[in-house]
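Whatever this is, show me its structure:
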Amino acid sequence: MHKVFVPVVAAILSATSYQVMAANGTVTFNGEIIQSTCQVSSGDQDKTVELGKYPVTAFPKAESTSGSKAFTISLEKCEAGDYTLRFDGNTVAGRPDLLSVTGGATGVGIEILDNNGSHFPIANDPSDTAYVTVAADGDNPGKATFNLQARYRSFQDTVTPGQANATSQFTIQYK
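Here you go, the predicted structure:
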């Protein structure tokens with residue numbers, strides 16, 4: 001009887017035991033839900049940037065670049081504040097600064113730059129990228145424009161010919 005009693009008591013105690021744990025810290029989450037932040041101007045929601053045609057000789061070694069093509073993303077109906085821009089898309093392995101291209105060309109990617117020539121890392125925290133400040137009041141929604149550039153950048157010493165296209169989604173965030 002004693003042999004049966006001990007395992008039964010052990011099973012009951014293990015089923016009803018409580019874990020005792022001490023807290024090691026606290027996490028506080030802060031944020032705000034607002035009515036509306038900004039709208040991308042209708043002409044800039046779906047944009048095509050024509051980078052042009054370049055011979056493979058334009059990329060004699062890794063890190064060679066093509067000429068830059070300027071483009072903008074304009075905002076309207078913004079509340080006052082700072083807004084950041086984030087680009088997402090497929091990147092070249094080991095190169096978060098280059099969008100990978102499709103269509104046949106190899107050894108080259110597409111780099112997005114702000115108007116000062118600083119590159120936008122793809123899929124990174126938007127606080128690491130350029131921002132615009134909008135001055136507005138409740139009766140006068142503000143406008144702002146991101147002035148950007150795009151260009152090809154080789155990441156290998158040999159670039160092969162072919163189409164070199166990429167797609168990137170972008171997100172505007174209130175900073």
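
Heading C-terminal from the lengthiest strand in the chain, find the next helix or strand.
Identified as the longest strand of the chain according to DSSP state E is strand 142-154. For strand 142-154, the following helix or strand on the C-terminal side (DSSP states H and E) is strand 169-174.

quick one, helices of this structure?
With DSSP state H applied, the chain shows helices at 2-16, listed in chain order.

So what pairs up with residue 72 in the strands?
Beta-bridge pairing of residue 72, defined through DSSP bridges, involves residue 147.

what about it, how many residues close to it?
Residue crowding around residue 72 was assessed by other C-beta atoms under 10 Å; the count is 13. In short, each C-beta sits where N, CA and C put it, glycine included.

Tell me which residues touch it, please.
The contact partners of residue 72, taken as C-beta atoms under 8 Å, 6 or more residues apart in numbering, are 44, 145-148.

In PyMOL, how would I select the buried members of the residues you listed?
Typed into PyMOL, the next command selects the buried ones out of the contacts of residue 72 (criterion: 16 or more other C-beta atoms under 10 Å):
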select buried, resi 44+146+148
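
got the contacts of residue 72 as JSON lines, with pLDDT and distance to residue 98 columns?
Supplementary listing: those in JSON lines, determined by pLDDT from 0 to 100; distance: C-beta to C-beta, whole Å:
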{"residue": "44", "pLDDT": "90", "distance to residue 98": "23"}
{"residue": "145", "pLDDT": "88", "distance to residue 98": "24"}
{"residue": "146", "pLDDT": "88", "distance to residue 98": "19"}
{"residue": "147", "pLDDT": "90", "distance to residue 98": "20"}
{"residue": "148", "pLDDT": "91", "distance to residue 98": "15"}
